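Asker: test case, fold it:
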Amino acid sequence: MTSFEDITYTVEDSAGIITINRPERYNAFRSKTVEEMIKALRSAWADRQVQSVILTGAGDKAFCTGGDVKQRAETGDYGPSESGMFEIGYLHKLIRDIPKPVIAAVNGVAVGGGHVLHVLCDVSIASETARFGQAGPRVGSFDAGFGSAYLARVVGEKKAREIWYWCRQYSAQEALEMGLVNKVVPAAELMTEAKAWAAEVAEKSPTAIRFLKQSFNADTDHQAGLSNLAMSALDLFVVSPEGTEGAKAFAEKRVPEFNKYVQSH
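Answerer: Next up, the predicted model:
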């Protein structure tokens with residue numbers, strides 16, 4: 001099995017388990033992390049033993065806090081990768097396209113791009129200690145593709161706008177009440193519960209599940225075009241003075257000075 005640096009990937013019974021393994025960075029992802037997650041998902045897709053995928057984070061503090069803003073502040077990008085690209089858009093598409101259920105086991109903070117990852121998973125199971133939210137406008141970033149448009153399908157337009165504009169954090173119970181997660185369990189039971197869901201779905205017809213997932217996706221597949229536009233826009237925005245101010249302020253632990261960028265038209 002392929003060895004990884006930023007993640008671990010194991011197969012237990014019918015479940016492929018992907019763990020983002022950067023707890024020292026609150027499981028924030030860089031280009032290498034994304035590339036390794038793509039490789040693991042493709043392995044899970046090809047493996048006939050694997051009937052579902054569990055996505056989680058190492059440690060008990062964070063599921064994933066999105067793109068590594070410290071890396072961005074240091075180098076101006078998300079670091080090197082074999083492909084030479086930061087393929088977060090392709091990772092989003094792969095989570096949707098793999099013809100097997102993807103189960104998010106949210107073990108801690110799911111914020112920013114990490115929040116988008118769990119939203120794109122088919123179902124989400126949360127630890128009681130999990131917290132959810134977006135952070136883009138706070139750090140000079142955004143996801144105007146699946147991260148916003150699909151989120152609105154999950155929780156409704158009003159709540160999605162609140163989540164993005166105000167960058168608040170929500171408890172696991174609040175997430176359950178808004179339909180953002182499927183179940184909340186004690187932290188010590190999270191992976192046991194996720195594996196139980198994986199075992200239960202493995203008893204179902206894999207072909208039926210495949211058709212059902214494709215049918216559910218068909219209703220929002222047009223958002224992939226929005227996602228491509230959003231990623232192109234984000235590439236330009238993050239290197240702008242406004243975008244870099246957000247990353248610098250985060251790295252320097254200060255309030256960003258965004259007021260000079262308010263537009264009058």
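Asker: buried residues in stretch 221-241?
Answerer: Gln223, Ala224, Leu226, Ser227, Ala230, Met231, Leu234, Phe237, Val238 (16 or more other CB atoms under 10 Å). No exception for glycine: its C-beta is placed from N, CA and C like everyone else's.
Asker: so which bits of the host helix or strand of Leu94 are buried?
Answerer: With secondary structure defined by DSSP states H and E, Leu94 is part of helix 88-97. Within helix 88-97, the residues scored as buried using 16+ other CB under 10 Å are Ile88, Gly89, Tyr90, Leu91, His92, Lys93, Leu94, Ile95, Arg96.
Asker: in helices, which of the buried residues of stretch 221-241 appear?
Answerer: Gln223, Ala224, Leu226, Ser227, Ala230, Met231, Leu234, Phe237 (DSSP state H).
Asker: now do the first one against Phe86, distance only.
Answerer: Look at Gln223 and Phe86: by CB to CB, to the nearest Å, they are 20 Å apart.
Asker: returning to what we had before: and which of the buried residues of helix 88-97 is nearest Ala58?
Answerer: Leu91 (17.9 Å; CB to CB).
Asker: that closest one contacts Glu36, correct?
Answerer: No: in this structure Leu91 lies outside contact range of Glu36 using CB atoms under 8 Å: 10.1 Å.
Asker: would you work out how far apart the start and end of stretch 100-115 are?
Answerer: 20 Å (CA to CA, to the nearest Å).
Asker: now that stretch: how far from the chain's centre is it?
Answerer: What separates the centre of stretch 100-115 from the centre of its chain is 6 Å, taken as CA atoms, centre = their mean, to the nearest Å.
Asker: same question for that stretch, mean pLDDT?
Answerer: Average pLDDT, stretch 100-115: 98.
Asker: which residues of the stretch 51-200 of the chain fall in helices?
Answerer: Remark: helices assigned in the stretch 51-200 of the chain by DSSP state H, counting those that start in this stretch are 69-75, 88-97, 113-120, 136-139, 151-155, 157-166, 172-177, 190-201.
Asker: model confidence over the shortest one, on average?
Answerer: Mean pLDDT, computed over helix 136-139, is 89.
Asker: so what does it touch, helix or strand wise?
Answerer: If contacts are counted by 3 or more CB pairs under 8 Å, 6 or more residues apart in numbering; DSSP states H and E, helix 136-139 sits against helix 157-166, helix 241-251.
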